[in-house]
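Quick one: sequence and predicted model below, then my questions.
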Amino acid sequence: LIITALSLAQEKEFGTFDQTIVSPLQPFEILIGKTIPAIVFSLFDVVQMVILSIWLFKIPLESPLWVLCVVTFIFLLSISGIGLFISAMCKSQQQAILGVFAFMVPGLLLSGFVTPVEDMPMIMQWIGMANPITYYLLIIKGLYLKTMPAYLIIQYSIPLLIISVFTLGFAGWFFKKKLD
């Protein structure tokens, strides 16, 4: 999230954003170029953490690694969309970092990471349903702790796909609007 949020904000702050705009690239191509490195680095980090958790801490992964990688890729798409949207709104890196914290703190609190979602007031549960971290945590718990059935993985992945399409589309629209 922080990598994509800082990508456009840093260029705006350093003055290289104008050079990017006059390039022959379309706005969606610029956003793809900002998204791919963040996703590649994040997938690499996830694979490292999974290998360390299995090898060093002896935590068994009950499901295939490729399922974890696919779900993580979908999750990273949704988070990258949120980061690009934050970056498109901000004019400086400080604003982008504050935007990330403004999303991440409530996002983690409403995801079920700290407290169970079932114990939250109903309005907070509804807000948490728009949070990609909520679905990713459900899938990760199911993949690590038990062999989660495929229909549940798909059931929790569909909201992640919807969030990623919505956030990436909205970030692209907002970015193009800012260019005009």
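Yes, it's here. Since this is a predicted model, take the numbers as computed values, not measurements.

can you give me the helices for this protein?
2-14, 17-21, 27-55, 65-89, 93-110, 122-128, 132-145, 150-179 (DSSP state H).

packing partners for the second one?
The elements that helix 17-21 packs onto, with contact taken as 3 or more CB pairs under 8 Å, 6 or more residues apart in numbering; DSSP states H and E, are helix 2-14. (Glycine included, C-beta is placed from N, CA and C.)

so how many other residues sit close to Gln155?
14 (other CB atoms under 10 Å).

Sketch out the low-pLDDT regions of this protein for me.
Where the chain drops to pLDDT under 70, the residues are 178-180.

For it, which residue occupies the most central location?
Closest residue to the average C-alpha location of the chain: Ile79 at 1.5 Å, with CA atoms, centre = their mean.

dump the residue contacts of the residue nearest to it when sequence neighbours are not counted.
Distance criterion CB to CB, 6 or more residues apart in numbering; nearest residue to Ile79, sequence neighbours excluded, is Leu1 at 5.0 Å. With contact taken as CB atoms under 8 Å, 6 or more residues apart in numbering, Leu1 is in contact with 79-80, 82-83, 86, 100, 103-104.

do you know how far the residue located most distally from the centre of the chain is from Leu6?
Note on the chain: the largest C-alpha distance from the chain mean falls to Val22, namely 28.4 Å (CA atoms, centre = their mean). For Val22, the distance to Leu6 equals 22 Å [CB to CB, to the nearest Å].

what separates stretch 156-170 from the chain centre, distance-wise?
10 Å (CA atoms, centre = their mean, to the nearest Å).

Identify all contacting residues around it.
With CB under 8 Å, 6+ apart as the test, stretch 156-170 has contacts from 31, 35, 71, 74-75, 77-78, 80-82, 84-85, 129-130, 132, 135-136, 138-139, 142.

filter those to the buried ones?
31, 35, 71, 74-75, 77-78, 80-82, 84-85, 132, 135-136, 138-139, 142 (16 or more other CB atoms under 10 Å).

was I right about Thr148 contacting Ile154?
In this structure residue 148 is Met, not Thr. No - if you go by CB atoms under 8 Å, Met148 and Ile154 don't touch, sitting 10.2 Å apart.

Ile3: what's it in contact with?
Ile3 neighbours (CB under 8 Å, 6+ apart): 37-38, 41-42, 83.

burial measure for Asn131, as a count.
Neighbours around Asn131, by other CB under 10 Å: 23.

re earlier: Met148 and Ile154: who's more crowded?
Neighbour count, other CB under 10 Å: between Met148 and Ile154, Met148 has more, with 21 against 11.

Distance to Val165 added to the contacts of Leu1, as CSV?
Below are the contacts of Leu1 laid out as CSV (distance: CB to CB, whole Å):
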residue, distance to Val165
Ile79, 13
Ser80, 12
Ile82, 13
Gly83, 15
Ile86, 18
Val100, 21
Phe103, 18
Met104, 21
